[in-house]
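> with the sequence up front, the predicted model follows.
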Amino acid sequence: MTKTSFLSRYRTPRLPVPHQGDTALVTGATSGIGHATAKELVRRQFRVIGTSRTPDSPTSRANAPDGVELIPLDLEDPDSIAAVPADLEKLGAGPVTVLVNNAGESQNGPLEELPREALVRLFQVNVIGHVELTQLLLPQMRDARRGRVVFVGSMLGSFPLAYRGSYGASKAAVKAFAFSARREVSRFGIGVSVMEPGAINTGLSERRTIYVDDHGHYAEEFRTMLNHLNDNEATGISAAEVADEILKAISDRRPRPLYATGSSSRLAFPAARLLPRDTMGGIIAAKHGL
Ligand SMILES: NC(=O)c1ccc[n+]([C@@H]2O[C@H](COP(=O)([O-])OP(=O)(O)OC[C@H]3O[C@@H](n4cnc5c(N)ncnc54)[C@H](OP(=O)(O)O)[C@@H]3O)[C@@H](O)[C@H]2O)c1
């Protein structure tokens with residue numbers, strides 16, 4: 001068997017591409033990466049529905065990109081997730097063939113000090129909520145015989161970092177769901193990918209949740225890590241650049257399992273294949289002042 005036929009034997013098949021006029025749903029469309037993705041989808045003439053926890057507030061309406069219709073969604077609340085199909089129907093939106101699972105919480109803290117309720121909330125918002133939403137919308141994609149689901153993970157899902165264990169774990173969980181579902185749904189014409197951004201300048205630093213005892217054993221190192229993290233984000237690439245990668249996952253005929261951009265991703269992923277895990281972990285820590 002030649003190398004080419006060996007590789008093609010195991011490749012994901014070519015899939016139908018959602019097209020202009022199709023309905024796209026972007027979670028967390030009022031800010032950052034979700035905003036930029038929704039805006040680009042509008043530019044490409046999709047009908048774009050965005051979500052916000054407060055869709056009717058003047059701020060959310062002002063923050064949503066032009067042409068994006070907002071519906072309510074709080075990923076912490078299972079009832080809010082369950083209401084999404086009915087809200088889409090009320091808008092008369094056609095089948096959703098593009099789902100960008102973007103909204104998320106950026107949690108920080110040493111393993112020893114993370115409260116249970118914070119962990120449960122994080123996994124509900126970053127993982128279970130998006131899995132539930134995907135479950136609700138996959139039937140529409142199956143019926144349409146085309147669809148793309150993009151989970152916005154994080155490079156920290158591939159490259160764990162001290163004091164970001166819960167967040168990295170939530171993003172690694174999302175990646176495992178996506179990689180598994182890919183094989184399950186490709187025969188229905190549906191592609192599933194993960195987008196792993198590095199440090200992106202979205203102002204997310206101001207919206208982090210932080211769990212650390214200010215006078216505890218980890219306080220000083222934690223602050224060092226956080227300052228580096230915030231500096232990296234302030235000098236990170238733009239949300240629009242991430243949106244461009246997400247659009248590749250939506251429009252590539254053979255969507256890749258994983259897309260990544262920012263934080264030297266082009267170097268980091270090949271390096272991780274060559275270097276011992278421990279060395280790679282040390283490099284990531286050193287990049288954050290540890
Ligand atoms: N920025 C980065 O450096 C970076 C790096 C790697 C990965 N990421 C990931 O990229 C995604 C977007 O990040 P971002 O920086 O663009 O964040 P952001 O600017 O803070 O935007 C987050 C969006 O999520 C929505 N949201 C927050 N909590 C929610 C909840 N419980 N239920 C439903 N919606 C909620 C917010 O909308 P409302 O307030 O209107 O509800 C907002 O539109 C996240 O999954 C994040 O983990 C970001």
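Great, that's in hand.
> just give the number of residues close to the residue of the stretch 1-150 of the chain at minimum distance from the ligand.
Proximity of the stretch 1-150 of the chain to the ligand (CB to the nearest ligand atom) peaks at residue 32, 2.1 Å away. Just so you know, the C-beta spots here come from the backbone N, C-alpha and C atoms, and that holds for glycine as well. Applying other CB atoms under 10 Å, we find 24 residues neighbouring residue 32.
> how far away is it from residue 201?
As judged by CB to CB, to the nearest Å, residue 32 and residue 201 stand 9 Å apart.
> overlap in contacts of those two?
Shared contacts of residue 32 and residue 201 (CB atoms under 8 Å, 6 or more residues apart in numbering): residue 239.
> residue 140 belongs to a helix?
Yes - Residue 140 forms part of a helix when assessed by DSSP: H, G, I helix; E, B strand; the rest coil.
> hmm, residue 99 and it touching each other?
No - judged on CB atoms under 8 Å, residue 140 makes no contact with residue 99 at a distance of 9.3 Å.
> which residues do the two both contact?
The contact lists of residue 140 and residue 99 share residue 147, where a contact means CB under 8 Å, 6+ apart.
> of these two, which one has the most company?
More crowded of residue 140 and residue 99, by other CB under 10 Å: residue 99, with 27 against 19.
> now do residue 93: how many residues are near it, please.
When neighbours are counted by other CB under 10 Å, residue 93 registers 19.
> report pLDDT for residue 205.
pLDDT for residue 205: 86.
> do the same with residue 8
With respect to pLDDT, residue 8 scores 84.
> swap in the one 5 residues further on?
Confidence at residue 13, expressed as pLDDT, is 89.
> kindly report the same for the one 3 residues further on.
Among the per-residue scores, residue 16 shows a pLDDT of 97.
> might you report the residue contacts of residue 238?
Neighbouring residues of residue 238 by CB under 8 Å, 6+ apart: 36, 200-201.
> quick one, phi/psi of it?
Dihedral angles of residue 238 (phi, psi; degrees, to the nearest 10) stand at phi -80, psi 160.
> next: residue 171.
Main-chain torsions, residue 171, degrees, to the nearest 10: phi -80, psi -30.
> in space, what's closest to it - neighbours in sequence excluded?
With CB to CB, 6 or more residues apart in numbering as the criterion, residue 171 has its nearest non-adjacent residue at 3.1 Å, and that residue is residue 157.
> for residue 234, what are its contacts?
201, 205.
> for the protein, which residues are neighbours of the ligand?
Counting by CB under 6 Å from any ligand atom, the chain comes close to the ligand at 27-28, 30-34, 52-54, 60, 73-76, 102-106, 125, 152, 154, 197, 199-200, 202, 204, 207, 233, 236, 239.
> mind checking which of those are buried?
27-28, 30-34, 52-53, 60, 73-76, 102-106, 125, 152, 154, 197, 199-200, 202, 204, 233, 236, 239 (16 or more other CB atoms under 10 Å).
> in the stretch 1-150 of the chain, where is pLDDT below threshold?
Residue ranges of the stretch 1-150 of the chain with pLDDT under 70: 1-3.
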